[in-house]
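Student: My questions concern the predicted model and sequence given below.
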Amino acid sequence: MEGNGLESLEEWLQHISFGRSPSSTTTTAVTARDIAQSWSVLRDCLQRQGGVMGVDHLLALQKLYDCRRSLHVADPQAKLLISLLSSASEPSTLDRARALAMLILAIWVRKSSRVSQSHEAALQSAVDVACKLTTDNQSLIVSERILLLGCLSADSLVSPDSRRLCQDVLAELVGKEKEAIVVMSQGRLADTLAGAGYALFSCYHASLFQSILESLLSLWTAHDGLYACLPHGLMLLHLMEWTGLNLIKLQSASRGMMMEFCVVDKMNAFCVKLPQMASLGVTALDFTAVMAAGGLLRASYNKSPKDFAFLEQLKSSMEDTIVTVAGNVVLNFRPIADRPGNFMLEADPVQFAEWIFGKQGAAGLVPAIRPILHCVAVAVSRCQRISFHANILQCLVVSLLTESFPLQDIYSSKIMSFPDISALGEMEELDKHFGSILFKEAGAMTRVMCNQYCSASRDLKQLVQHLMWEFSQVLYEKHRIFMFRFNSSQQMEDRNRKYPDAMKKIAEDAFFMLVMFLSIAIKNDFSASSNDFQEQLSVITLDALSCVEYFRHTQLQEYSDMVKRTVSCVSKSASACVSLVRRLPSYDDLTQWRDPSKLCCAEYCWYKDEVQTARIYFYLRILPICLKRIPDEVFGMELAPLMFLYMQHPDQNIARGSHAVFVTFMSVNNLSMDSSHNKKDDAISLKEQLVVYYIQRALEAYPRLTPFEGLSSGVQALILPDLLKLLAQLIIGLPEYVRNMLLGQAYDLVAGSDDAVRKPILVPWLQSLSLICSQINSGTSKSKETKERSTIIKDKDVQLKTDTDKSGGLSLNPTCQKRLVQLSRL
């Protein structure tokens, strides 16, 4: 009867459902002396007070129950408890004392292995008291009584008649006390389920088995299923798993022995009852049907030594039940309550995404449907292996995007005001969600969703892709606002306020969910899809990854492989490259916030927008591979403004990325969207226009923001003499310390270069430029300097001299002289 080495089924249910350690329920340390003293107090109660228990006796029972995992109850002690249960007690202690006494008796029944007439007599006395116990308030002890009745019915030493009596009373209690079990004693629900599980396992009468099963599965019909919730459903799921596994083991051990009501009959009863419940479309019945089916489906995956034919029937029937319930849920995926049909499949993907991610989010679901959606998703995630069905995939997608990662709740208006005091209550709710079952099951749900996706139709795949892309967009926009407001408040108010850990973890897990799905989608769809479908998926994937780049803190191999594969696909198609570029934010969107009210009076500054910067940096890393396929006019209109903006970003990695995009653009022969023009002339014209501004923009921020490596790379990409003259003119106009730094770094670069094409041009250019700068730095009179400069610089044109002998006796500093001599020998 024990589950996985635990002392009791009820503790196993809580452990496997919620991850609770059984020992964590023990609140106090109890010594052997305390145990002995507690038994002494109880004996004294029976001998001197006629079994009338008071507060002291209640405390003694509590101490014994607190050490239940190590407690040994002998037959004399069990008889003492039975006698106390039959006695009257003070009204203030009666119900709780009886409840504890029954729980301790259940420990005795399960742990005792002694076979004797005395023990059998004690068991019969326990049956009598458990079946005939009366109290003014039955609801306060119903769960404990059901547990004791279940344990007694499963004990092989109990006579068949007594066993049947226990099971009859148990079925009656479960049927009559639904509200007390589900509503009033929720903390003891595991006791009720464990007792019912023991009774189901040990029952060999068809009508009685049906009665117990009916009572158990109808528990949550009280108040029209109002109290049906995921924690209850998980315990039911694992109870049915335990029942199924033990029945399969019993069938393996029976070796063909015939019983009045055998294991196969019980399995057939499940196969009939659960699909029948699901077919009615009643919310409360859907709840129990899907969770019970999930547990039995898990049990069917465990292969027994014998290949039982009924296992395949059980598996098929349970899968059908889950699919039916999922279909009932999917019919409620619609913004209009009275609209018939499957809105998710019939509506436009954009329209359905708006319903999911709109202002009301999943609030559009009928409230009673949400727990069923949760149960379908978690039941499937706990089963893992389940055949494909569109209903299941739809439930998993909606549950993940609206329930496991409810962006509307995570980024509510109050949370957005964090770290203001008004957000503290919402942050507590966020912490609760972080510890919730739905959030913890998100990884398992994602795995099953990916498996289901691989077998879906193309239309359904495209819908799921669109929803995932929309999810990335919403997550990006909402986290942008939160982080900008949070950072602004840090600077203005309290720098010691910490970023909420729960929000960080939830957002990071959303990133992993998205990466896992996109990785599977790419692997699955690239092998047998058209080029258009591959390109569309690649563009969506890359843009979605850019939106969640801020949350990527580790390098995943799947992530790297996916990026390489999708970039390679996009780079082969001009239309795909253009589509990707046009998903970038516009220059106006980058530099201005369309709705300043969302920033809560904080002044927007584009380079302080961390989330947006991470997205642009992702694009800067992949764009150089695609530039050859991007038409010049698209580059000039879409990319150039962005590139020049981020060229002056304070983060040098991002600034270098912008320079790298420009270098690549200058070195490739781009396409033209208009075939009527001369492509070569158009390309040169655009590059000449852009390079002028590039040099000006780069030198504006040198050396504070512009890295020399980026600037030199950009210049090396030009072999246009007129532009070298322009560069010289701009350098001359820089402050003296900047000129000297730039010339020194340029000298080192040219001296170490092996470029046989550019070096012969750059050496004399740099020599002449050094002479001019040296003259400016020489300290000659202002008029002389102006006269000499006017002979060199005319009409914004720099006349570069290549003959060092014509320096005109200029006074050069030693460093400059040394470098000029070295350069002349190169």
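Tutor: Structure's in. What do you need?
Student: drop to CA atoms for contacts and neighbour counts, all remaining ones
Tutor: OK.
Student: D191 falls within a helix, correct?
Tutor: Yes - secondary structure assignment places D191 in a helix (DSSP: H, G, I helix; E, B strand; the rest coil).
Student: Enumerate every residue touching it.
Tutor: Contacts for D191 (Cα atoms under 8 Å, 6 or more residues apart in numbering) come out as E10, S143, E144, I146, L147.
Student: Which of those fall in helices?
Tutor: Residues from the contacts of D191 lying in helices, with DSSP state H as the criterion: E10, S143, E144, I146, L147.
Student: Which member of the contacts of D191 is positioned nearest K687?
Tutor: Distances from K687 to these, taken as Cα to Cα, are shortest for E10 (74.7 Å).
Student: Surely the closest one touches G187?
Tutor: No - proximity of E10 to G187 does not meet the contact threshold set by Cα atoms under 8 Å, at 11.3 Å.
Student: Okay, buried residues for stretch 569-577 please.
Tutor: By 16 or more other Cα atoms under 10 Å, the buried positions in stretch 569-577 come out as C569, V570, S571, S573, A574, S575, A576, C577.
Student: Over to stretch 82-89?
Tutor: Neighbour-count burial for stretch 82-89 [16+ other Cα under 10 Å]: I82, S83, L84, L85, S86, S89.
Student: Please point out which parts of stretch 630-644 sit buried.
Tutor: I630, P631, D632, E633, V634, F635, E638, L639, A640, L642, M643, F644.
Student: thinking again about what came up before, tabulate the ones in helices among the contacts of D191 in JSON lines, adding columns for neighbour count.
Tutor: Output for the ones in helices among the contacts of D191, formatted as JSON lines (neighbours: other Cα atoms under 10 Å):
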{"residue": "E10", "neighbour count": "24"}
{"residue": "S143", "neighbour count": "31"}
{"residue": "E144", "neighbour count": "25"}
{"residue": "I146", "neighbour count": "28"}
{"residue": "L147", "neighbour count": "30"}
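Student: Closest one to I386 out of those residues, please.
Tutor: E10 (27.4 Å).
Student: ok, the contacts of D191 vs L230, which is closest?
Tutor: Among the contacts of D191, E10 lies closest to L230 (Cα to Cα), at 17.0 Å.
Student: Enumerate every residue touching the closest one.
Tutor: Shown in contact with E10 (Cα under 8 Å, 6+ apart): A190, D191, L193, A194.
Student: which one of those residues has the most neighbours?
Tutor: A194 (29 neighbours; other Cα atoms under 10 Å).
Student: can you give me the strands in the stretch 451-600 of the chain?
Tutor: Assigned by DSSP state E, counting those that start in this stretch, the stretch 451-600 of the chain shows no strands.
Student: where are the low-confidence patches of it?
Tutor: Scanning the stretch 451-600 of the chain for pLDDT under 70 picks out the ranges 490-499, 600.
Student: Just send the buried residues of stretch 630-644 back as a markdown table, with distance to D34 and secondary structure too.
Tutor: Listed next are the buried residues of stretch 630-644 as a markdown table, based on distance: Cα to Cα, whole Å; DSSP: H, G, I helix; E, B strand; the rest coil:
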| residue | distance to D34 | secondary structure |
| --- | --- | --- |
| I630 | 82 | coil |
| P631 | 85 | coil |
| D632 | 86 | helix |
| E633 | 87 | helix |
| V634 | 83 | helix |
| F635 | 82 | helix |
| E638 | 79 | helix |
| L639 | 78 | helix |
| A640 | 80 | helix |
| L642 | 75 | helix |
| M643 | 76 | helix |
| F644 | 78 | helix |
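Student: mind putting those residues in a markdown table, pLDDT and distance to A614 included?
Tutor: Conversion of the buried residues of stretch 630-644 to a markdown table gives the following (pLDDT from 0 to 100; distance: Cα to Cα, whole Å):
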| residue | pLDDT | distance to A614 |
| --- | --- | --- |
| I630 | 91 | 23 |
| P631 | 89 | 25 |
| D632 | 85 | 26 |
| E633 | 86 | 26 |
| V634 | 90 | 23 |
| F635 | 90 | 21 |
| E638 | 90 | 18 |
| L639 | 92 | 16 |
| A640 | 90 | 18 |
| L642 | 92 | 14 |
| M643 | 89 | 14 |
| F644 | 88 | 17 |
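Student: Any idea how many residues pack against K63?
Tutor: 23.
Student: Check which helix or strand it maps to.
Tutor: Assessed by DSSP states H and E, K63 sits inside helix 55-66.
Student: So for that helix, what gets flagged as buried?
Tutor: H57, L58, A60, L61, Q62, K63, L64, Y65, D66.
Student: L311: which element?
Tutor: helix 309-330.
Student: contact partners of that helix?
Tutor: Contact partners of helix 309-330, identified using Cα under 8 Å, 6+ apart, comprise 264, 267-268, 270-271, 274-275, 278-279, 281, 286, 289-290, 293-294, 296-297, 300, 342, 344, 369, 372-373, 376, 386-387, 389, 391-392, 394-395.
Student: Can you flag the buried ones in those?
Tutor: If we count by 16+ other Cα under 10 Å, the contacts of helix 309-330 have these buried: 264, 267, 270-271, 274-275, 278, 286, 289-290, 293-294, 296-297, 300, 342, 344, 369, 372-373, 376, 386, 389, 391-392, 394-395.
Student: Out of those residues, name the ones that lie in strands.
Tutor: Using DSSP state E, no member of these falls within strands.
Student: For the contacts of D191, give me TSV that also has pLDDT and distance to I437.
Tutor: Below are those laid out as TSV (pLDDT from 0 to 100; distance: Cα to Cα, whole Å):
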residue	pLDDT	distance to I437
E10	92	19
S143	93	24
E144	93	26
I146	95	27
L147	95	26
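Student: Closest one to S658 out of these, please.
Tutor: E10 (61.5 Å).
Student: quick one: low-confidence parts of the stretch 151-300 of the chain?
Tutor: Within the stretch 151-300 of the chain, the stretches with pLDDT under 70 are 185-186, 254-261.
Student: if we can go back for a sec, let me have the buried residues of stretch 569-577 in JSON lines, extended by distance to L599.
Tutor: Converted to JSON lines, the buried residues of stretch 569-577 look like this (distance: Cα to Cα, whole Å):
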{"residue": "C569", "distance to L599": "38"}
{"residue": "V570", "distance to L599": "36"}
{"residue": "S571", "distance to L599": "37"}
{"residue": "S573", "distance to L599": "39"}
{"residue": "A574", "distance to L599": "38"}
{"residue": "S575", "distance to L599": "36"}
{"residue": "A576", "distance to L599": "34"}
{"residue": "C577", "distance to L599": "33"}
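Student: Which ones among the buried ones among the contacts of helix 309-330 map onto helices?
Tutor: 264, 267, 270-271, 274-275, 278, 286, 289-290, 293-294, 296-297, 300, 344, 369, 372-373, 376, 391-392, 394-395.
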